[in-house]
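Enquirer: 3D, please:
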Amino acid sequence: MDARTRRKGAAHWRESERRIGKAATMTERAEFTGRVRRFKEDAPGGLAVVDVPAELVGPLGGRRQYRVTGTLNGSPYTGSAMLVAGGGFCVSVSKAALDAAGAGVGDEVTLAIARPAPDG
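Expert: Residues are numbered from 1 along each chain as shown. Presented below is the predicted three-dimensional model:
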């Protein structure tokens, strides 16, 4: 890669970061109840997720992957928002977060989430 290409790539990256940072500051906190399920139903022991209601996807920042923080049944929570085939949207829930919240796969949980504020 030559110097000119690297400069153009760096400028594009800075512009993307500026847009992403601006979008991140416009997100709202979302609170909802959902059922914990496996991301792939045929993969026992796999990733656990909770589906995000469609009306909350926009205020959180849209249908793309990003980190979220907040609470899960009142316990501190950090996870990732991700796309689901067929147009859905969900957040991942780790085993540690489920244990701390006293929940498991198949349980109804209450989430209060937001995208973290950008650094700087």
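
Enquirer: how about the strands in the chain?
Expert: In the chain, strands defined by DSSP state E lie at 30-38, 48-51, 66-72, 75-84, 88-93, 108-114, listed in chain order.

Enquirer: what about those strands, which gets the closest to P59?
Expert: Nearest of the strands of the chain to P59, taken as Cβ to Cβ: strand 30-38 at 6.1 Å. C-betas here are computed from N, CA, C, even on glycine.

Enquirer: name the helices or strands packed onto that closest one?
Expert: strand 48-51, helix 54-60, strand 108-114 (3 or more Cβ pairs under 8 Å, 6 or more residues apart in numbering; DSSP states H and E).

Enquirer: from those, which stretch is densest packed?
Expert: Highest mean neighbour count of the helices and strands packed on strand 30-38: strand 48-51, a mean of 21 (counted as mean count of other Cβ atoms under 10 Å).

Enquirer: need the helix or strand of this structure with the lowest average pLDDT.
Expert: Using mean pLDDT, DSSP states H and E, the weakest-scoring helix or strand in the chain turns out to be helix 3-25, at a mean of 44.

Enquirer: quick one: which of the helices and strands packed on strand 30-38 is nearest G70?
Expert: When the helices and strands packed on strand 30-38 are compared by Cβ to Cβ, strand 108-114 sits nearest G70, at 3.8 Å.

Enquirer: direction included, what does that closest one pair against?
Expert: In the sheet, strand 108-114 lines up against strand 30-38 (antiparallel), strand 66-72 (antiparallel) (DSSP bridges).

Enquirer: how about the contacts made by the residue positioned nearest the centre of the chain?
Expert: In the chain, the centroid-proximal residue (Cα atoms, centre = their mean) is A81; its distance is 2.0 Å. By Cβ atoms under 8 Å, 6 or more residues apart in numbering, the residues touching A81 are V52, L60, G61, R64, Q65, Y66, R67, V68, F89, C90, V91.

Enquirer: so which of those is the most crowded?
Expert: Taking other Cβ atoms under 10 Å as the neighbour criterion, V91 ranks highest of those with 25 neighbours.
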